[in-house]
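Q: The amino acid sequence is not available; the structure is as follows:
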Ligand SMILES: Cc1ncc(COP(=O)(O)O)c(C=O)c1O
């Protein structure tokens, strides 16, 4: 391996949300932080070099985006996913959630219903509620092998409601770790086209996909599908750059692109910060080797957790994530409330996981573990969880 993902890091007191906000969120700052989805790895040296060059210039005034910035994202999308993005349809946004929020506020009415697939990243429900729109849930279900799948019957029944206007897709899916297959996406697309449903496709996790699985960009399915879709992605999740706060959005409809651009301008948030420009372009142009090694390392971490659970914690159920650096742990066999599980994890395990119910009711009895950290931390984490389950078993 050219890159060292085993390197021990201590991010305490460096303004890291993951390490320094545990007191606020869990009542204890001395936990093992396996929650919020960033990584305890240094970013790629190829990115750091470009950032250092920028630092050396010693001037950090307002920045102007070059075409090559967008071009790097377009080429990455084409080369890795065969997803063709027209240069005239792509735009910067300070983040994926800000994009979703602006679209909901300005492209919909308050009688409109918006559908999401729970359990899902909590800000999806949050932005719908904050925008005063009506939330509709198409709950994911588990098949006979406990794999998470889409309830298409329910999806179509809900799509028939003429007040249901938009669907927010999470692909790859946080927290269950599914990479939706092309056939599944086609089925979604057929229903959306049939019932005139627009789609926001959140593809922020698209680069974190493990062997044997293939990511498909929803808009790449066909021209017709592209036309009903707004796609969001970024390099921040992949290269651990979330603190730089920059993402991309693709608006195939010119009027919508212009409306979105006008809203960013009216809030005066249309520019990148100076470091995000160089870091993201370097990530897409020079980060592939680093990413390929990262994926191997992350899959090793996931395998460690899955094997440990299957061997040592029979009450806990787990299905191997197909992508993302998240593991969705099923504590339901213990028959405990969410509060009891969280309390035990914090007080006995001294570990911070995201409580499953925050992803929607269907997440009750689950917890999400972020395994994007050096392996010694993952080993420690799963042993702590094992200890907690053992104590709850008694
Ligand atoms: C599915 C999903 N969308 C969006 C985000 C956050 O994106 P941003 O920081 O660009 O708003 C996350 C972060 O974990 C995520 O998991």
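A: Received, thanks. Treat the numbers as computed from the prediction; the structure is a model and nothing was measured.
Q: how far is the helix or strand where residue 309 lies from where the chain is centred?
A: Element membership for residue 309 (DSSP states H and E) is helix 288-312. Centroid displacement of helix 288-312 relative to its chain, using Cα atoms, centre = their mean, to the nearest Å, is 17 Å.
Q: residues in contact with that helix?
A: Here helix 288-312 makes contact (Cβ atoms under 8 Å, 6 or more residues apart in numbering) with 1-3, 5, 41, 44-46, 207-211, 238-239, 316, 318, 320-321, 325, 327, 329, 369, 371-373, 375, 378-379, 381-383, 386. Heads up, the C-betas are built off the backbone N, CA and C, glycines and all.
Q: how about the residues of the chain that lie near the ligand?
A: Within the chain, the residues that sit near the ligand (Cβ under 6 Å from any ligand atom) are 37, 95-97, 121, 170, 174, 202, 204, 234, 236, 242, 247.
Q: 8 Å - rerun?
A: The chain has residues 36-38, 93-99, 120-121, 123-124, 170, 173-174, 202, 204-205, 232, 234, 236-237, 242, 245-247, 324 near the ligand, with proximity defined as Cβ under 8 Å from any ligand atom.
Q: Among the residues you listed, name the ones in helices.
A: 96-99, 123-124, 236-237 (DSSP state H).
Q: Which other helices and strands does the helix or strand encompassing residue 282 contact?
A: If you go by DSSP H and E, residue 282 is part of helix 274-286. Under the contact criterion of 3 or more Cβ pairs under 8 Å, 6 or more residues apart in numbering; DSSP states H and E, helix 274-286 touches helix 45-57, helix 67-81, helix 236-239.
Q: and it, how far from the chain's centre?
A: 20 Å.
Q: mind giving me the domain ranges of the protein?
A: 17-44+289-393, 62-285 (automatic domain parsing).
Q: for those domains, which one sits closest to residue 52?
A: domain 62-285 (9.6 Å; Cβ to Cβ).
Q: how long is the closest one end to end?
A: Taking Cα to Cα, to the nearest Å, domain 62-285 runs 23 Å from one end to the other.
Q: what mean pLDDT does that domain have?
A: Averaged over domain 62-285, pLDDT sits at 97.
Q: Taking the protein, what residue is nearest to the ligand?
A: Residue of the chain nearest the ligand, by Cβ to the nearest ligand atom: residue 95 (3.0 Å).
Q: shouldn't that residue be in contact with residue 244?
A: No: the criterion here is Cβ atoms under 8 Å, and residue 95 misses it with residue 244 at 10.1 Å.
Q: residues in contact with the closest residue to residue 374 other than its chain neighbours?
A: Spatial nearest neighbour of residue 374, chain neighbours left out: residue 6 (5.2 Å); criterion: Cβ to Cβ, 6 or more residues apart in numbering. Contacts of residue 6 were listed using Cβ under 8 Å, 6+ apart, and they are 374-376.
Q: could you flag which of the residues you listed are buried?
A: residue 374 (16 or more other Cβ atoms under 10 Å).
Q: The contacts of residue 6 in helices, which ones?
A: Using DSSP H, those in helices are 375-376.
Q: Including distance to residue 79 and pLDDT, could the contacts of residue 6 go into CSV?
A: As requested, the contacts of residue 6 are exported to CSV (distance: Cβ to Cβ, whole Å; pLDDT from 0 to 100):
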residue, distance to residue 79, pLDDT
374, 30, 98
375, 30, 98
376, 34, 97
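Q: so residue 135 sits in a strand?
A: Yes: Residue 135: assigned to a strand according to DSSP: H, G, I helix; E, B strand; the rest coil.
Q: Show me what it is bridged to.
A: residue 114 (DSSP bridges).
Q: Quick check, it in contact with residue 126.
A: No: using Cβ under 8 Å, residue 135 makes no contact with residue 126, being 9.8 Å away.
Q: ok and the helix holding residue 282 relative to helix 288-312, angle-wise?
A: With axes from the mean of the first three to the mean of the last three Cα atoms, to 10 degrees defining the directions, helix 274-286 sits at 90 degrees from helix 288-312.
Q: Give me the contact list for helix 274-286.
A: By Cβ under 8 Å, 6+ apart, helix 274-286 touches 43-44, 46-47, 49-51, 53-54, 60-61, 63, 65-66, 68-69, 72-73, 75-76, 234-236, 238-239, 241, 244-246.
Q: Please, a PyMOL command that selects the buried ones among these?
A: Here is the PyMOL selection string for the buried members of the contacts of helix 274-286, based on 16+ other Cβ under 10 Å:
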select buried, resi 43+44+46+47+50+51+54+63+65+69+72+73+76+234+235+236+238+239+241+244+245+246
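Q: Checking the residue nearest to residue 374 next. Helix, strand or coil?
A: Quick answer, by three-state DSSP: residue 6 is coil.
Q: And the pLDDT at it?
A: For residue 6, pLDDT reads 97.
Q: Can you list phi and psi of it for me?
A: Residue 6 adopts backbone torsions of phi -80, psi -10, taken as degrees, to the nearest 10.
Q: quick one: it and residue 239, what's the gap?
A: Counting by Cβ to Cβ, to the nearest Å, the separation of residue 6 from residue 239 is 18 Å.
Q: can you check residue 204 too?
A: 12 Å.
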